[in-house]
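> When you get a sec, could you give me coordinates for this:
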Amino acid sequence: HLATSLPLPSERDHLRPRIDLIVFMIDIKSKYSLKNVEASLAHVDASFFLGKVCFLVTGVGRVNACSIETNAVCKLGETYCSPVLFCELELEGIRAVTAQRLLRMLQICAGHIRGVSALSFVSLMRNFDDD
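Just a heads-up that it's a prediction; the model follows:
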């Protein structure tokens with residue numbers, strides 16, 4: 001299911017399936033995209049940041065057209081203890097690999113991968129260089 005921003009409309013709560021993973025998409029060419037994600041983060045329950053949220057940054061193939069510093073997005077990932085994936089959706093190979101990574105993350109978050117929890121997965125992805 002896709003939404004352009006949060007919170008989700010409450011009138012369909014009874015029809016909404018369980019949410020296993022939230023992927024915030026940020027178009028690096030649009031400052032509005034980052035601001036929309038930042039505003040939406042306030043509507044996410046804190047328990048989701050324990051391995052069930054990631055940030056997908058698109059448009060990274062055009063560094064000269066960037067409106068957002070990659071450091072700002074990385075800082076967002078650090079602040080919310082959530083992984084940040086960078087991709088270029090216009091390149092078929094990268095798009096396919098990114099889709100596979102997201103699908104694997106979803107399988108883990110939904111509990112379909114035996115012996116791996118969302119929390120253990122996100123701890124494996126954490127960068128320990130700052131410690």
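
> Number of residues surrounding the residue nearest to residue 66 when sequence neighbours are not counted?
What sits nearest to residue 66 in space, not counting adjacent residues and going by CB to CB, 6 or more residues apart in numbering, is residue 28, at 5.0 Å. For glycine as for every other residue, the C-beta is placed from the backbone atoms N, C-alpha and C. Around residue 28 there are 24 other residues, counting by other CB atoms under 10 Å.

> can you pull out the helices in this structure?
31-41, 70-79, 92-109, 118-125 (DSSP state H).

> okay if I get those as a markdown table plus mean pLDDT, mean neighbour count and distance to residue 51?
Output for the helices of the chain, formatted as a markdown table (pLDDT from 0 to 100; neighbours: other CB atoms under 10 Å; distance: least, CB to CB, whole Å):
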| stretch | mean pLDDT | mean neighbour count | distance to residue 51 |
| --- | --- | --- | --- |
| helix 31-41 | 93 | 16 | 16 |
| helix 70-79 | 90 | 14 | 13 |
| helix 92-109 | 92 | 15 | 7 |
| helix 118-125 | 71 | 15 | 3 |
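
> Of these, which is nearest residue 20?
helix 92-109 (4.5 Å; CB to CB).

> Show me what that closest one is packed against.
strand 53-58, strand 84-87, helix 118-125 (3 or more CB pairs under 8 Å, 6 or more residues apart in numbering; DSSP states H and E).

> Go through these and name the closest to residue 105.
So among the helices and strands packed on helix 92-109, strand 53-58 is nearest, using CB to CB, at 6.4 Å.
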